[in-house]
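J.: fold the following, please.
(2 chains)
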2 protein chains.
Amino acid sequence: MSEKSPLLEAFKRTDHQLPGHGNRNIQVLKEAMNRMDGQLESDVYGNGRIIEDFQEKIAGYLGKESAVFFPSGTMAQQIALRIWCDQNGIKKVAYHPLCHLEIHEEDGLKELHGIESILLADKNRVITMDDVRNIKEEISCLLLELPQREIGGQLPDYETLQAISDYCRNKGVKLHLDGARLFEILPYYQKTAAEVCALFDSVYVSFYKGIGGVAGAILAGDKGFTERSKVWKRRHGGDLISLYPYIVSADYYFDQRIGKMGDYHEGAKELAALYQDCEGVRTVPVNPVSNMFHLYFDAPKEEVEAILIQTYDETGIGLTGYVKENGEKSCFCEVSIGDNYLHVPKSELENALQVLNQKLKEKILA
Amino acid sequence: MSEKSPLLEAFKRTDHQLPGHGNRNIQVLKEAMNRMDGQLESDVYGNGRIIEDFQEKIAGYLGKESAVFFPSGTMAQQIALRIWCDQNGIKKVAYHPLCHLEIHEEDGLKELHGIESILLADKNRVITMDDVRNIKEEISCLLLELPQREIGGQLPDYETLQAISDYCRNKGVKLHLDGARLFEILPYYQKTAAEVCALFDSVYVSFYKGIGGVAGAILAGDKGFTERSKVWKRRHGGDLISLYPYIVSADYYFDQRIGKMGDYHEGAKELAALYQDCEGVRTVPVNPVSNMFHLYFDAPKEEVEAILIQTYDETGIGLTGYVKENGEKSCFCEVSIGDNYLHVPKSELENALQVLNQKLKEKILA
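T.: I've put the predicted structure just below:
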């Protein structure tokens, strides 16, 4: 997503952009800091009111005994898996082929921790109870990502989750939740965070996806687990003298947005339905189960980019800032619904989709 | 250093506190952010103007080809040593027994990277050319910390540095600089940062010691080295979507304070001399070579705390917020000179030291 992409430039020019919470500019931090008393003392290497209060608050929200703030989910999750592997004495874990640890972390789990990964399920679908039952090797931990981001944000049904949790407990396999978008799926499951987290031994949540903070993550579990995670946090170089810039913003935007996850989910469902009325367009999943979905166009990237730019310029509505190739004749992008969508006038939105549809028809049927 | 320490409370009550730059409260970040345009875009996973500009600026200042911003020195230095070990094919490095990696990082270097450390020199003195010449085993990298913080901030003479650098180059051993307080020693050496850094293959500097930023570090070297460090930064979980809170504050306070390092050094020399006039007090080193020294009292911790509290309450001058036991009959603390010292009226300072001296005499000679 180069800064000089014509599609991105056209997207930025529009009056209303559908995805996200707005620009990720430094105003995000300024707004969160502005309301804080400057005399509040920094956290100091994991101690102090500012970090301890937030950790307690999120531990409570997740229904876990204890929680630790981390600069990143990459760090938090490798550490969670390392702790479970050390405890169970087997340096193997299982997760989805498109797990963040497998494709976005330069193999940190293997290179830093010497942990081997067993890939479950076909990469185009979520992990099932059968996948778990069919694991041939002994593993220390199973990681489930809810929702599975790289396939548009898909979920197993809740009964499957419960069955996997029961199975792992019986087998002595630890169950870890990659909850990067946990908040975003609660309206679909109609469960509290604590109800979902009760199925897992350890939980990671993020504060810059649906919550829209600057960065940062929480790792939660029982007290023994989180205390060990602090030792590894120091080893990783994540026990900073001051993490408050991330904590202040995480706390501020958590309070602002945690109650809006239902609106974001409704928005995703509505927008996905509108896209599906367009020629040669489909969404994955068909019915979003969170605030996100993937959007596929049955046309080459360059053609779609040209059509999108025209649509933006004609309607003032920005649909996406990028599309990626999906073979020669198709392209796709990820759509995440946040505050932006809630402020778009419905008539303008519908008009933009009609214009898009018209242009796609002309191109595809030509 | 508990929040409820009576010494710390008395210290906080004083009108003038000698060490540091002032409270590490969140105003430090607010001040740096206030001057910034909110529309400035966040860095994104290591890219963007805000991070690239600062990396270039500090690379230039250090006279290195390239630089990478890290959330912490712990992360940056483990990665530097890992890269050199991988390159030289030997998982051994040498450093001082009180090296940060040896005593403050929960053995991250060993636990995450499997790198063995060879400890050089007696822990109460700096590494000499002889120590380096006498290393029996093959190592990939030698780390020098300038100044050696845990012994009050001591330095080898510059000719020794040059000799060690020449020796390492001839032997094919990489030389890494732990420059957590590099800026602070330049007035003593009367060298530019680039002149000192030219002796080293890789350099880490910190932005929350003498510079007084919120947190963060730079790792610098040639382009091949820094590119590899980015891969390891991601593995460690340090490649955050947004590091700008640390970068903005590092940049702001770098500009404010880089020109004051000579003043801080002069202050440290002046204050150390004043302490040495007190009964049963000595400093390490006797003549500070940076903005810091260690302060030793020949009296038990509890007695010194009581005397310090009385001195603070009588004079309004806070000398230190803590002292640590050094055996049963002695205690010590670290003193780092920053902006605070420059604003203390000299007459009040001298009066406070006289009051301290009087009380120490009464106690020690009693």
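
J.: what residues does the strand or helix carrying A:Val335 touch?
T.: Taking DSSP states H and E as the criterion, A:Val335 maps to strand A:331-336. The contact list for strand A:331-336 (CB atoms under 8 Å, 6 or more residues apart in numbering or on different chains) reads A:18-20, A:152, A:209-210, A:268, A:271-272, A:291-297, A:299-301, A:304, A:320, A:322-326. Bear in mind the C-beta positions are built from the backbone N, C-alpha and C, glycine included.

J.: could you pick out the buried ones from these?
T.: A:18-20, A:152, A:209-210, A:268, A:271-272, A:291-297, A:299-301, A:304, A:320, A:322-323, A:326 (16 or more other CB atoms under 10 Å in any protein chain shown).

J.: could you list the low-pLDDT ranges of the stretch 251-366 of chain A?
T.: For the stretch 251-366 of chain A, applying pLDDT under 70 flags no range at all.

J.: how about the strands in it?
T.: Taking DSSP state E, counting those that start in this stretch, the strands of the stretch 251-366 of chain A run over residues A:281-284, A:292-297, A:317-318, A:324-325, A:331-336.

J.: quick one: closest of those strands to B:Val68.
T.: Closest approach to B:Val68 among those is made by strand A:324-325 (27.0 Å; CB to CB).

J.: which strands or helices does that closest one pack on?
T.: Packed against strand A:324-325 by the contact rule (3 or more CB pairs under 8 Å, 6 or more residues apart in numbering or on different chains; DSSP states H and E) you find strand A:331-336.

J.: now the strand it packs on - C-alpha only, CSV.
T.: C-alpha atoms of strand A:331-336 as CSV (Å, rounded to 0.1, in the frame of the first residue of the first chain):
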residue,chain,number,x,y,z
CYS,A,331,-8.6,-9.1,-6.6
PHE,A,332,-9.7,-8.5,-3.0
CYS,A,333,-9.4,-6.4,0.0
GLU,A,334,-10.2,-6.5,3.7
VAL,A,335,-13.0,-4.4,5.1
SER,A,336,-13.2,-3.5,8.8
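
J.: who's in contact with the residue of the stretch 151-300 of chain A found nearest chain B?
T.: As assessed by CB to the nearest CB, chain B sits closest to A:Gly237 within the stretch 151-300 of chain A, at 2.6 Å. By CB under 8 Å, 6+ apart, the contact list for A:Gly237 reads B:70-76, B:78, B:105, B:108, B:236, B:238.

J.: Serialize the strands of the stretch 251-366 of chain A to TSV and add fields for distance to A:Leu8.
T.: Converted to TSV, the strands of the stretch 251-366 of chain A look like this (distance: least, CB to CB, whole Å):
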stretch	distance to A:Leu8
strand A:281-284	20
strand A:292-297	16
strand A:317-318	10
strand A:324-325	13
strand A:331-336	11
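
J.: which one of those lies nearest to A:Lys136?
T.: Among the strands of the stretch 251-366 of chain A, the nearest to A:Lys136 by CB to CB is strand A:281-284 (29.7 Å).

J.: what about that closest one, distance to the chain center?
T.: 19 Å (CA atoms, centre = their mean, to the nearest Å).

J.: what is it packed up against?
T.: Here strand A:281-284 touches helix A:261-276, strand A:292-297, going by 3+ CB pairs under 8 Å, 6+ apart.

J.: how close does A:Lys110 get to chain B?
T.: According to CB to the nearest CB, to the nearest Å, A:Lys110 stands 9 Å off from chain B.

J.: ugh, wrong one, I meant A:Glu348
T.: 24 Å.

J.: leaving out chain neighbours, which residue sits closest to that residue?
T.: Of all residues not flanking A:Glu348 in the chain, A:Ile317 sits nearest, at 5.9 Å (CB to CB, 6 or more residues apart in numbering or on different chains).

J.: helices along the stretch 101-250 of chain A, start to end?
T.: In the stretch 101-250 of chain A, the helices defined using DSSP state H, counting those that start in this stretch lie at A:108-113, A:129-133, A:158-171, A:182-189, A:193-197, A:223-236, A:244-257.

J.: buried set for the top helix by length along chain A?
T.: As assigned by DSSP state H, the longest helix anywhere in chain A is helix A:346-364. For helix A:346-364, a neighbour-count test (16+ other CB under 10 Å) marks A:349, A:352-353, A:355-357, A:359-360, A:363-364 as buried.

J.: how about A:Pro277, nearest residue that isn't a chain neighbour?
T.: Just to correct that, residue A:277 is Asp rather than Pro. Excluding its sequence neighbours, the residue lying closest to A:Asp277 (CB to CB, 6+ apart) is A:Asn357, at 6.6 Å.

J.: wait, what's in contact with the one you found?
T.: Taking CB under 8 Å, 6+ apart, we find A:Asn357 in contact with A:277-279.
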